[in-house]
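Q: Fold the stuff below for me.
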Amino acid sequence: MPKLGDRVVVWVGAPLLGAGAGWLLRYVVGWATTLPWTPFEGPLRLIESIPPTAFTIGAVVVGVVAGLVLAAIADEYTVKIVIDDQRVSIAHRSSRQELPRSAVALAFLDAKHLVLLGHDTEELVRQGGDLPRPRPLAEAFQAHGYPWRAEGDPHREEFRRWADGHPDLADAAHAYLRARARALEKGDDRDAEQLRQELARLGVAVREEDKRQFWRHAGRGAEEAET
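A: Predicted structure coming up:
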């Protein structure tokens with residue numbers, strides 16, 4: 001996952017669309033220069049003066065290259081999930097996580113995130129991004145025997161809005177949450193994910209809504225997080 005067919009559509013379709021746009025560009029330029037007034041009239045007439053064959057070939061090549069660049073960007077942001085009877089691996093941009101089947105107690109979708117819980121209710125994975133469609137994703141986990149919960153997070157009601165200095169959290173957890181709040185504000189998803197993992201080691205699960213953070217105690221590190 002994502003399905004091979006979806007990736008083929010992106011890698012073939014985007015360059016073809018780019019090529020088509022390049023081929024049509026000369027007609028668009030020619031039409032624009034016939035208008036009584038048009039912005040950039042000088043550059044447009046300069047483009048129109050290029051020999052038709054050379055212009056069409058150049059525009060199509062540029063369109064194909066632009067399509068390939070867009071396909072590469074789309075592919076980079078797509079979350080790639082491989083599931084079998086022994087393990088599940090999740091790759092997104094430069095990060096990769098792999099978990100043995102025995103470590104996963106529950107899998108579900110929480111809004112736009114795939115969440116995998118461990119046997120102590122700790123969040124092993126909370127992956128956002130361009131995920132596969134919900135139904136094929138659920139079917140893939142279920143086909144390999146992973147417990148899947150269609151109703152979403154069973155611990156959702158346990159999450160509380162984070163307030164700096166809350167006495168139920170350790171100073172270390174507050175420090176990570178402050179740093180994570182700054183990362184979310186800047187849109188630094190990679191740093192936010194690293195800080196989420198550090199909080200998980202302290203026994204704190206964290207999720208966000210519109211850059212607001214919500215937390216709950218989870219896992220064997222929970223007692224340490226409360227001290």
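
Q: Okay, domains of this protein per the record?
A: Split into domains by automatic domain parsing, the chain comes to 4-77, 80-154, 155-227.

Q: I figured Leu99 hits Val88, correct?
A: Yes. Using C-beta atoms under 8 Å as the test, Leu99 is close enough to Val88 to be in contact (5.5 Å). Any C-beta I mention is one placed from the backbone N, CA and C, and that applies to glycine too.

Q: Common neighbours of the two, please.
A: Counting by C-beta atoms under 8 Å, 6 or more residues apart in numbering, the common neighbours of Leu99 and Val88 are Leu116.

Q: Going by mean pLDDT, which of the domains of the chain comes out lowest?
A: For those, mean pLDDT drops lowest on domain 4-77, to a mean of 62.

Q: Break down this structure into its strands, ranges please.
A: Applying DSSP state E to the chain gives strands spanning 80-83, 87-92, 95-100, 106-110, 113-117, 123-127, 160-161, 204-209, 212-217.

Q: need the contact list for Leu199.
A: Counting by C-beta under 8 Å, 6+ apart, Leu199 has contacts 173, 176-177, 180, 205-206, 215.

Q: same deal with Ala173?
A: With contact set as C-beta under 8 Å, 6+ apart, Ala173 has these partners: 199, 202, 204, 215, 225.

Q: Repeat that for Ala192.
A: Contacts of Ala192 by C-beta under 8 Å, 6+ apart are 180, 183-184, 208.

Q: Tell me which of those fall in helices.
A: Within the contacts of Ala192, residues falling in helices by DSSP state H are 180, 183-184.

Q: Nice, that's everything, thank you.
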